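# kindly return the folded structure for what I paste below:
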Amino acid sequence: MSSIVKIEKKNNNLNIKWSDGEESSFNYYWLRDNCPTAHDKDSNHRMFNILEVSGNLNIKNFKVNEEGKLAIEWSEGDHTSYYDPKWLRENCYTIKNKKKYLSPYKLWDSSLQNNLKSIEIDYNEILNSEEGLVKWLELLHYIGIAIVKNAPVEKNSAFKILNRISHTRETFFKTPFEVINIPKPNNSAYTAHTLRNHMDLPWFENPPGYQFLHCLINSAKGGDSAAVDAFAVADYLRKNEKDVFDLLVDTPLKFRDKDYTQKAIRSFYAPAISLTKDGDYNDIRYSIATLDTLDCHPDKMDAVYKAHHRFGNLLHDDKYQINFRLEPGNIFSFNNRRLLHGRTEFDPNSGERHLQGYYMDRDEIVGRLNYLKK
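Numbers count the residues shown, from 1 in each chain. Next up, the predicted model:
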């Protein structure tokens, strides 16, 4: 582990040189705010109120004490802070901000069709081992898709495996929701029609992060599933058609819930592509079925429709899409805010098709994976 070899004050920062040659610059307010005594020992919530320090906060004295900790005596509050050098190094924002961001996502296209085994995992492997659970979570987080094989086909039986991750996300569709052909449907998923590639619930402010479609019966003719990595499509546009990409990032589109059974009006504006603070892909919000009447500025409407048209056609292009048939005991698991999913039309008179659907927030997937890997 690197040790502190030199400390000096400069402007409003304490600059540290480490034994491996790296340098850190720590702002006074950051140091005071992160004093180990600032946090409750049990809950670890910050109890110290940084808003109570003055605009003239300074350091009276500093040294590395006999325990090897950095001791800082503050100019106000009659307080001395003690920092473990290991903690300072691990949380050094100077070094963190010099590092190049690496995306965790492994983008894919239709070539995945030739290696569907790579995204399959056995139900019992997940249920009975931590390694299996980690493998499933890694597929969901990095690739965005996994197909669980050999699950039970009893109703509601997916809860057992989903609870290995966390709790499910409840919506007005209830949990699980039944994907079957019904008379007078309130959602196109409850018909036998073709479903174009789409995200579920784009008219929520925060759509569910992940979706799990558990196949119980699939004896009808047709009804094959499709999936597309919309991050990969967005990446193509970013690298090759930047004007289209920028328009999709910068222009909020309007989505609306069109469910006639609801006693609530849900609508939301969001761009088709949203990015993280690091410029990585965050969400793809796309659903032709629930896109509301657009009300962009008149000067932009033509360009917005052309960008929407271009993106949508790429999202259905054979170059990017994979197709597969769900069998009883399969659980089609995917990132609802990355993957678009769809299905071909099926003949309800030729057999039965019954899936049960579940949602889970992205925080639960990523948080559980981070915990298990740590």
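
# just confirm Ser287 contacts Pro207, I think it does.
No: contact criterion C-beta atoms under 8 Å: Ser287 and Pro207 do not qualify, at 9.8 Å. Glycine gets a C-beta too; all of them are placed from N, C-alpha and C.

# more neighbours: those two, which one.
Shown here are Ser287 and Pro207; by other C-beta atoms under 10 Å, Pro207 has more neighbours (24 against 19).

# what does the pLDDT read for the more buried one?
Looking at Pro207, its pLDDT is 96.

# in the stretch 201-350 of the chain, which spans are helices?
Per DSSP state H, counting those that start in this stretch, the stretch 201-350 of the chain carries helices over the ranges 230-240, 242-250, 298-314.

# go through those and name the closest to Asn370.
Closest to Asn370 of those is helix 230-240 (C-beta to C-beta; 20.2 Å).

# what residues are up against Tyr93?
Taking C-beta atoms under 8 Å, 6 or more residues apart in numbering, we find Tyr93 in contact with Trp30.

# for Thr251, same thing?
For Thr251, the contact set (C-beta under 8 Å, 6+ apart) comprises Pro271, Ala272, Cys296, Lys300, Val304, Ala307.

# what about the first one, neighbour count?
Translated: Pro271. Count around Pro271 with other C-beta under 10 Å applied: 16.

# helix or strand: which one has the residue nearest to Arg164 when sequence neighbours are not counted?
Spatially, and ignoring its direct neighbours in sequence, Arg164 is nearest to Leu133 (5.5 Å; C-beta to C-beta, 6 or more residues apart in numbering). If you go by DSSP states H and E, Leu133 is part of helix 130-138.

# helix or strand right after that helix?
strand 145-149.

# strand partners (parallel or antiparallel) of that next one?
Strand 145-149 has its sheet partners listed here by DSSP bridges as strand 120-122 (parallel), strand 331-335 (antiparallel).

# next, format the ones you listed as CSV and append mean pLDDT, distance to Asp235 and mean neighbour count.
As requested, the strands paired with strand 145-149 are arranged in CSV below (pLDDT from 0 to 100; distance: least, C-beta to C-beta, whole Å; neighbours: other C-beta atoms under 10 Å):
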stretch, mean pLDDT, distance to Asp235, mean neighbour count
strand 120-122, 98, 25, 17
strand 331-335, 98, 15, 25
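
# what's opposite Pro271 in the beta bridge?
Bridge pairing for Pro271 - DSSP bridges - gives Pro252.

# next up, the contacts around it.
Leu248, Val249, Asp250, Thr251, Pro252, Leu253, Arg285.

# what's the farthest-apart pair in those?
Taking C-beta to C-beta as the measure, the contacts of Pro271 span a maximum distance of 13.6 Å, between Asp250 and Arg285.

# ok, these two, which is more surrounded?
Arg285 (26 against 12).

# break the chain into its domains for me.
Domain segmentation of the chain under automatic domain parsing yields 4-96, 110-373.

# ok now the last one, how far from the chain's centre?
Computed by C-alpha atoms, centre = their mean, to the nearest Å, the chain-centroid distance of domain 110-373 equals 12 Å.

# same deal with the first one?
Its chain's C-alpha centre lies 33 Å from the corresponding centre of domain 4-96 when counted by C-alpha atoms, centre = their mean.

# end-to-end on that domain?
Start-to-end span of domain 4-96 (C-alpha to C-alpha, to the nearest Å) is 18 Å.

# also the longest one?
Using C-alpha to C-alpha, the gap from the first to the last residue of domain 110-373 comes to 30 Å.

# so for stretch 362-370, mean pLDDT?
97.

# buried sites along it?
Arg362, Glu364, Ile365, Val366, Arg368, Leu369 (16 or more other C-beta atoms under 10 Å).

# that'll do, ta.
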